[in-house]
Structures are given as C-alpha cells and as structure tokens.
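**Student:** I would like to see how this sequence folds:
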Amino acid sequence: MTKKVKIYTLDYCPYCKKAKIFLDEHNVDFEEIPCEDNEEEMREKLTKMYNLPSLATFPQIIIDDKNIGGYSDLIEKYNNKTISFN
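**Tutor:** Okay, the predicted model is just below:
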C-alpha cells in the first residue's frame, strides 16, 4: 500500500531541499505545501494541528496523516526501519 506523504516547506530552507531530494531518490510521491507566503501562521497552525511540544520548524513531514518531524527525523526513522515507503 502506498504511503500518503505531505511535506510543508520553505523555499529558502536547506533541510526542506534535502528532504525532497531524499524522497525523490527513494521514488516517494509526495505533496509539497509551500509555506513562505504565510510562514508564521503555518508554524502556529502546524504546532496546534500536530500537538507539537514547541513551535513547528520546517520541513514538517507527514506520512499517512502522522507527523514524523523534520529532515533529521525522517532519516533517523528510515535508517532505524521505523518507517518505510512501500
């Protein structure tokens, strides 16, 4: 079953770029939601939506409606095999 992946990004964010490259390299289809037009509003919205302990950073990666965190979290969970994409 294919995972539903969303990634909230900022165009100037190096970790957002790294996360998108990683997903592309692993042939993962994802929906990108750019947030630079309303960055602060989106930080607050994501923090509330996913009950984050502190203000959201970017990227925020959502797999099957579950927030897995940012780029470092994505890599860690993938390497530890706590997430997969197939």
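
**Student:** rest of the way, CA atoms for contacts and neighbours
**Tutor:** OK.

**Student:** check contacts around the residue minimising distance to the centre of the chain.
**Tutor:** With distances taken as CA atoms, centre = their mean, residue 61 lies nearest the centre of the chain, 1.6 Å away. Counting by CA atoms under 8 Å, 6 or more residues apart in numbering, residue 61 makes contact with 5, 6, 7, 8, 67, 68, 69, 70, 71, 74.

**Student:** Among those residues, which are located in strands?
**Tutor:** Among the contacts of residue 61, DSSP state E puts 5, 6, 7, 8, 67, 68, 69 in strands.

**Student:** pLDDT at the fourth one, what is it?
**Tutor:** Listed pLDDT for residue 8 reads 98.

**Student:** Let me see the contact set for it.
**Tutor:** With contacts defined as CA under 8 Å, 6+ apart, the neighbours of residue 8 are 32, 33, 34, 35, 58, 59, 60, 61.
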